[in-house]
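**Q** fold the following.
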Amino acid sequence: MARAGSERPVPSGSLLVRDLQILATLDTKLGDIRDAAVYVEGNVIKWVGASVDIPTDVHADKTISLPNRVLTPGLVNTHHHMFQCLTRCVAQDEKLFTWLATCYGPWQHMTGKDVYISSKLAMVELIMSGCTCSSDHLYLYPNDVRLEDSIRAAREIGMRFHPTRGAMSMGKSKGGAAPDSTCEEEEYVLKDMAHLIKEYHDPSRYSMLRMGLAPCAPFNVTQDLMVAAAKLARQHEGVRLHTHLAENIEDIEYMEKTFKCRPGEYIRRVGWDKDDVWFAHCCMLDDSETKQWAQDGVGIAHCPSSNMRLASGIAPVRKLLDNGVKVGLGVDGTASNDSGHMLMEARLAMLLQRAGGNEKGMSGREALTVATQGGAQVLGRDDIGRIAPGMAADFVAWRTDCVCFSGAQHDLVAALVFCTPGMPSVDLSVINGHVIVKDGEVLTCNVKEVIKEHTERSIALCSHL
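**A** Predicted coordinates:
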């Protein structure tokens, strides 16, 4: 078998999901529909409406009746480091740079099998919390690690995937923050980026895999690599650019000391001030940069759990949204979250924007929209994030006859965000027309076996702490 596995074929049949208690299409024309149904042919939604209005010519190959369920578009995760599942709860009381210094120890011992199994575990966690499309930022390539290891995991489990070829090239001996042993030669990095685009990038509508290029951060790559990656990406339709930026005050201080500028000027220098770019975090933007982001069309992956865990700060999401900046959500790496619960990120995003005293900082519906359509926009997609004819068949359903929904039947959609703690995993997940989760069980892998192997590998890796 090829190291990256095999593409999952598009389903040949049709699927009808009906009798839904409520369907939140997040489509401005369709709105919420009660006693709803969704009809899919192959990997595309063909019809949406009330169950009583199902067209007479609809004869689905498979029908799933889901009363007592709320169904939404699949959530979109715009920032992750899936390999970090192997090192949860590490450096528990540290900020970014000292946290990283601790983590580099075990990470340098990772193998391709470690990356494969941690990616698969991360995807299980994401899928069970409502995510159907995820990016991943793999920036460490010790031993035999390849990006193909995470691509294989995505193909096997059925996740819509935006892997990014990350890299670190500026170690401590060159003024960077990473150990020299974790860095790569830039010539090799660019060669591998070009190879991965050629082999795996699919810019077509409903694509299951689109590549991104992601030099890790200004504090561990040269400006030359940032410029070269942008030039390479822009030679290929749909290849986007990603990096960390303005994560905390130390990040800003490093940039001002090293490059004599703030993030807004830095991204202009390296040509990353375009609408094919998205940045993780951006907790420390000033007002001029908030406006610049809107003018440039760049996107942001807001990572509330990680930013709180590492005491990085709170991204000015309300101000960004009001200025028209594209904002999606990211769970970030599971060593700084220390979870991959996508729906919980939506809840925390909402609460953080209210914590400063603005009760209208973010509504539940807006948080859900940011977690779906916002993420789709950040990743450059117009085929996911809504449930409507012509959209990709990516949607998820939760049971509403459980403790957390009792008392919230008057607004089950908002309850997804307000009542998240204690909420069970998704009851149904459909990705690209494939039923990936049914009756709360993942159908595309043996979850117990994944957990067992991942735990064993994690214990071995953490022995290097």
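
**Q** check the spatially closest residue to residue 371 that is not a sequence neighbour and give its pLDDT.
**A** Using C-beta to C-beta, 6 or more residues apart in numbering and skipping residues adjacent in sequence, the residue nearest residue 371 is residue 346, 4.2 Å away. All C-beta atoms are positioned from the backbone trio N, CA, C, and that covers glycine. At residue 346, the model reports a pLDDT of 98.

**Q** got it, and residue 49?
**A** For residue 49, pLDDT reads 98.

**Q** list the contacts of it.
**A** 33, 36, 37 (C-beta atoms under 8 Å, 6 or more residues apart in numbering).

**Q** out of these, list just those in strands.
**A** 33, 36, 37 (DSSP state E).

**Q** what's opposite the first one in the beta bridge?
**A** The one in question is residue 33. Taking DSSP bridges as the rule, residue 33 bridges to residue 23.

**Q** quick check: the gap between the spatially closest residue to residue 160 that is not a sequence neighbour and residue 401.
**A** Among residues not flanking residue 160 along the chain, residue 133 sits closest, at 3.9 Å (C-beta to C-beta, 6+ apart). As for residue 133, its distance to residue 401 is 28 Å (criterion: C-beta to C-beta, to the nearest Å).

**Q** follow-up on the earlier one: can you add neighbour count and give the ones in strands among the contacts of residue 49 back as TSV?
**A** What follows is the ones in strands among the contacts of residue 49, written out as TSV (neighbours: other C-beta atoms under 10 Å):
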residue	neighbour count
33	21
36	26
37	26
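
**Q** distance of the residue lying farthest from the centre of the chain relative to residue 47?
**A** Relative to the mean C-alpha coordinate of the chain, counting by C-alpha atoms, centre = their mean, the farthest residue is residue 56 (38.5 Å). As judged by C-beta to C-beta, residue 56 and residue 47 stand 12 Å apart.

**Q** okay, the residue positioned nearest the centre of the chain: pLDDT?
**A** Compute the mean C-alpha point of the chain, and by C-alpha atoms, centre = their mean the closest residue is residue 77, 2.0 Å away. At residue 77, the pLDDT value in this model is 98.

**Q** over to the one 10 residues further on?
**A** Reported pLDDT at residue 87 in the predicted model: 98.

**Q** residues in contact with it?
**A** 103, 106, 107, 335, 458, 461, 462, 465.

**Q** quick one: it from residue 294, how far?
**A** With C-beta to C-beta as the criterion, residue 87 and residue 294 are 36 Å apart.

**Q** pLDDT of stretch 178-185, averaged?
**A** In the prediction, stretch 178-185 has an average pLDDT of 93.

**Q** what sits up against it?
**A** Residues contacting stretch 178-185 (C-beta under 8 Å, 6+ apart): 100, 104, 107-108, 140-142, 167-174, 176, 216, 220.

**Q** for PyMOL, write the selection for the buried entries among these.
**A** To isolate in PyMOL the members of the contacts of stretch 178-185 that are buried, counting by 16 or more other C-beta atoms under 10 Å, one can use:
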select buried, resi 100+104+107+140+141+142+167+168+169+170+171+176+216+220
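
**Q** okay, and which of the contacts of stretch 178-185 map to strands?
**A** Per DSSP E, the contacts of stretch 178-185 map to strands at residue 167.

**Q** follow-up on the earlier one: which helix or strand contains the residue nearest to residue 371?
**A** helix 342-354 (DSSP states H and E).

**Q** for that helix, which helices and strands make contact with it?
**A** For helix 342-354, the helices and strands in contact under the criterion 3 or more C-beta pairs under 8 Å, 6 or more residues apart in numbering; DSSP states H and E are strand 75-77, helix 304-309, helix 317-322, strand 326-329, helix 364-369, helix 412-418.

**Q** any idea how far the nearest residue to residue 462 once chain neighbours are set aside is from residue 321?
**A** In space, and not counting its chain neighbours, residue 462 is closest to residue 106: 5.8 Å by C-beta to C-beta, 6+ apart. Noted for residue 106: a distance of 37 Å to residue 321, by C-beta to C-beta.

**Q** just residue 346 next, same as before
**A** As judged by C-beta to C-beta, residue 346 and residue 321 stand 14 Å apart.

**Q** on that earlier part again, next, give me the two most distant ones among the contacts of residue 87.
**A** 103 and 458 (12.8 Å; C-beta to C-beta).

**Q** of those two, which one has the most company?
**A** Taking other C-beta atoms under 10 Å, residue 103 and residue 458 do not tie; residue 103 has more neighbours (22 against 19).

**Q** ok, the more buried one touching residue 91?
**A** Yes. The criterion here is C-beta atoms under 8 Å, and residue 103 meets it with residue 91 at 6.5 Å.

**Q** in stretch 80-97, what's buried?
**A** 80-88, 90-91, 94-96.

**Q** between the two ends of it, how far is it?
**A** End-to-end distance of stretch 80-97 (C-alpha to C-alpha, to the nearest Å): 18 Å.

**Q** pull the distance from that stretch to the chain's centre.
**A** Per C-alpha atoms, centre = their mean, to the nearest Å, the displacement of stretch 80-97 from the mean C-alpha position of its chain is 17 Å.
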